[in-house]
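A.B. asks: only the shape, not the letters, is given here:
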């Protein structure tokens, strides 16, 4: 029998006092023992069938009652699905899951909320603040996997929530909670249990400082759906982003607002992120179109360009935008438009606290900087769409038709877009194609 490190899973043909992989002492144990005594069990227990004999109507999704969440998953929870749910500490994971548990318990049946990090009294405190009071929502403060399985068999929930998988411990393998072997074992066992009982399971996972799920990639391969809850503690906007979904589109997003009473879904995000009406432009302020997942959003960009004053190095600050991209666009402004910003401080911000990494807002960034520098507002009711190349050309972007339709729905009358051969024909909104940023500045009367 080989020896295996309980901390990182490193295997050796002989016992070692110190693991050469993770550096921990006295972590090697001989494989077998408790693991060898386990009885192999089937994941699902269904019969062998040809694919033509499988009825796709057998899967009936559970609608949670939270429209943004259901849309993110592709229409609701699929029975037998395992969802890995991550996010930074304090971003609102437990709050959203408790609200989700309440909504599902009211609509569909028993929900079991297992917490390995909080006591029942702590969970009750949050539940009282959120108005969670369903009698079919069961709470179990527990870390032992065997006791969690016993509770599942006793309650027979339609949804199981484990907060978090890093605190769950299995007696079948050695190692501390959160170690690689424990993560593999507990995740695999809960997945088998979920498939066999045809319930839905949420596994809350810790994330690393780089923003990815902590632990082995094996856990992400086991689950059916992986979602992140993103947001800054200084802002009240939360973005739930899907990075893996076997039952729907990936890279889909759902938007929420953090309020004292909990997380509230933002059903019309474009109106939420716009602070001005289409007919009230201000210098340095532009409206751009970005796409989050499959949804087009209109957001407001603000720029402030002010003289440095002849001392110090000019400041460059960007909130919600890629800083390196901003520096590149400032260089394009100087080269293509002959406008020098080397003696001015440049500050850029996205209203509402949204983070934008899409290049379709390049044209809007350039227009905002020039508008602030010239102290001239853009024409009323204008939306800017387009990526800008290094030579100043305005390049095509994806989902142009959907972006223009969103602008038209909100009452905007003019869209400055890349000069593509096939422009979508609109009724109430004027679509103005431009080939270069010089053309765009002429249309916007900023030259």
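C.D. replies: Sure thing, it's come through. Please read these numbers as outputs of a predicted model, since none were measured by experiment.
A.B. asks: C-alpha only now, for contacts and for neighbours.
C.D. replies: Will do.
A.B. asks: in the stretch 151-300 of the chain, which spans are strands?
C.D. replies: Using DSSP state E, counting those that start in this stretch, the strands of the stretch 151-300 of the chain run over 159-163, 200-205, 225-230, 237-245, 253-259, 262-265, 285-292, 295-307.
A.B. asks: now the fourth one: buried residues?
C.D. replies: Right, strand 237-245. 237-242, 244-245 (16 or more other CA atoms under 10 Å).
A.B. asks: same list (those) but as a markdown table, adding distance to residue 403.
C.D. replies: Formatted as a markdown table, the buried residues of strand 237-245 follow (distance: CA to CA, whole Å):
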| residue | distance to residue 403 |
| --- | --- |
| 237 | 22 |
| 238 | 22 |
| 239 | 20 |
| 240 | 21 |
| 241 | 20 |
| 242 | 21 |
| 244 | 25 |
| 245 | 25 |
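A.B. asks: coming back round to it: of all the strands of the stretch 151-300 of the chain, which one is nearest residue 360?
C.D. replies: strand 285-292 (6.6 Å; CA to CA).
A.B. asks: what's the angle from the closest one to strand 237-245?
C.D. replies: 30 degrees (axes from the mean of the first three to the mean of the last three CA atoms, to 10 degrees).
A.B. asks: ok, and what's touching strand 285-292?
C.D. replies: 251-253, 274, 296-303, 356, 358, 360-361, 364, 367-368, 371-372, 377-378, 382-385, 403, 407 (CA atoms under 8 Å, 6 or more residues apart in numbering).
A.B. asks: only the buried subset of those, as a ChimeraX command please.
C.D. replies: Applying 16+ other CA under 10 Å to the contacts of strand 285-292, the buried members can be selected in ChimeraX as follows:
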select :251,252,253,274,296,297,298,299,300,301,302,303,356,360,361,364,367,368,371,372,377,378,382,383,384,385,403,407
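A.B. asks: show me which of the buried residues of strand 237-245 is closest to residue 313.
C.D. replies: residue 237 (33.4 Å).
A.B. asks: neighbours of residue 82, how many?
C.D. replies: For residue 82, the neighbour count with other CA atoms under 10 Å is 27.
A.B. asks: from residue 217, how far off is it?
C.D. replies: Going from residue 82 to residue 217 by CA to CA, to the nearest Å gives 15 Å.
A.B. asks: before we move on, back to that, save the buried residues of strand 237-245 as CSV, and put in pLDDT and distance to residue 76 too.
C.D. replies: CSV is the format used below for those (pLDDT from 0 to 100; distance: CA to CA, whole Å):
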residue, pLDDT, distance to residue 76
237, 88, 22
238, 91, 20
239, 90, 18
240, 93, 15
241, 91, 15
242, 92, 13
244, 93, 15
245, 94, 12
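A.B. asks: tell me the one among the residues you listed nearest to residue 95.
C.D. replies: For the buried residues of strand 237-245, the nearest to residue 95 is residue 238 (11.8 Å; CA to CA).
A.B. asks: next up, the contacts around the closest one.
C.D. replies: Residue 238 touches 91, 229-232, 255-258, counting by CA under 8 Å, 6+ apart.
A.B. asks: switch the cut-off to 6 Å
C.D. replies: 230-231, 255-257 (CA atoms under 6 Å, 6 or more residues apart in numbering).
A.B. asks: again, but for residue 320
C.D. replies: Residue 320 touches 350, 354-356, counting by CA under 6 Å, 6+ apart.
A.B. asks: again with residue 76
C.D. replies: 61-63, 70.
A.B. asks: one more time with 10 Å, if that's ok
C.D. replies: 60-70, 247-248 (CA atoms under 10 Å, 6 or more residues apart in numbering).
A.B. asks: before we move on, what about residue 205?
C.D. replies: Counting by CA under 10 Å, 6+ apart, residue 205 has contacts 83-88, 93, 162-167, 212-215, 219, 226, 228.
A.B. asks: if you set the cut-off to 8 Å instead, what comes out?
C.D. replies: 84-87, 163-166, 213-214.
A.B. asks: measure it to residue 85 for me?
C.D. replies: 6 Å.
A.B. asks: try residue 407
C.D. replies: 33 Å.
A.B. asks: name the element residue 69 belongs to?
C.D. replies: helix 67-73 (DSSP states H and E).
A.B. asks: give the other helices and strands that that helix contacts.
C.D. replies: strand 237-245, strand 253-259 (3 or more CA pairs under 8 Å, 6 or more residues apart in numbering; DSSP states H and E).
A.B. asks: where does the prediction get shaky in the stretch 151-300 of the chain?
C.D. replies: Low-confidence segments of the stretch 151-300 of the chain (pLDDT under 70): 233-234, 275-279.
A.B. asks: surely residue 324 forms part of a helix?
C.D. replies: Yes - counting by DSSP: H, G, I helix; E, B strand; the rest coil, one finds residue 324 located in a helix.
A.B. asks: for the strand or helix carrying residue 407, which positions count as buried?
C.D. replies: Per DSSP H and E: residue 407 is located in helix 400-409. For helix 400-409, a neighbour-count test (16+ other CA under 10 Å) marks 400, 402-408 as buried.
A.B. asks: between it and strand 285-292, what angle do the directions make?
C.D. replies: 130 degrees.
A.B. asks: now for helix 400-409, which elements pack on it?
C.D. replies: Helix 400-409 packs on strand 285-292, strand 295-307, going by 3+ CA pairs under 8 Å, 6+ apart.
A.B. asks: for the ones you listed, give me a markdown table that also has distance to residue 193.
C.D. replies: Below are those laid out as a markdown table (distance: least, CA to CA, whole Å):
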| stretch | distance to residue 193 |
| --- | --- |
| strand 285-292 | 34 |
| strand 295-307 | 35 |
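A.B. asks: out of the ones you listed, which is closest to residue 442?
C.D. replies: strand 285-292 (15.6 Å).
A.B. asks: include distance to residue 98 and pLDDT when you put the buried residues of helix 400-409 into JSON lines, please.
C.D. replies: Shown next, in JSON lines, are the buried residues of helix 400-409 (distance: CA to CA, whole Å; pLDDT from 0 to 100):
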{"residue": "400", "distance to residue 98": "38", "pLDDT": "92"}
{"residue": "402", "distance to residue 98": "34", "pLDDT": "92"}
{"residue": "403", "distance to residue 98": "35", "pLDDT": "94"}
{"residue": "404", "distance to residue 98": "38", "pLDDT": "93"}
{"residue": "405", "distance to residue 98": "36", "pLDDT": "91"}
{"residue": "406", "distance to residue 98": "33", "pLDDT": "92"}
{"residue": "407", "distance to residue 98": "35", "pLDDT": "93"}
{"residue": "408", "distance to residue 98": "38", "pLDDT": "92"}
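A.B. asks: and these as a markdown table, adding distance to residue 139?
C.D. replies: Converted to a markdown table, the buried residues of helix 400-409 look like this (distance: CA to CA, whole Å):
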| residue | distance to residue 139 |
| --- | --- |
| 400 | 47 |
| 402 | 44 |
| 403 | 44 |
| 404 | 47 |
| 405 | 46 |
| 406 | 43 |
| 407 | 46 |
| 408 | 48 |
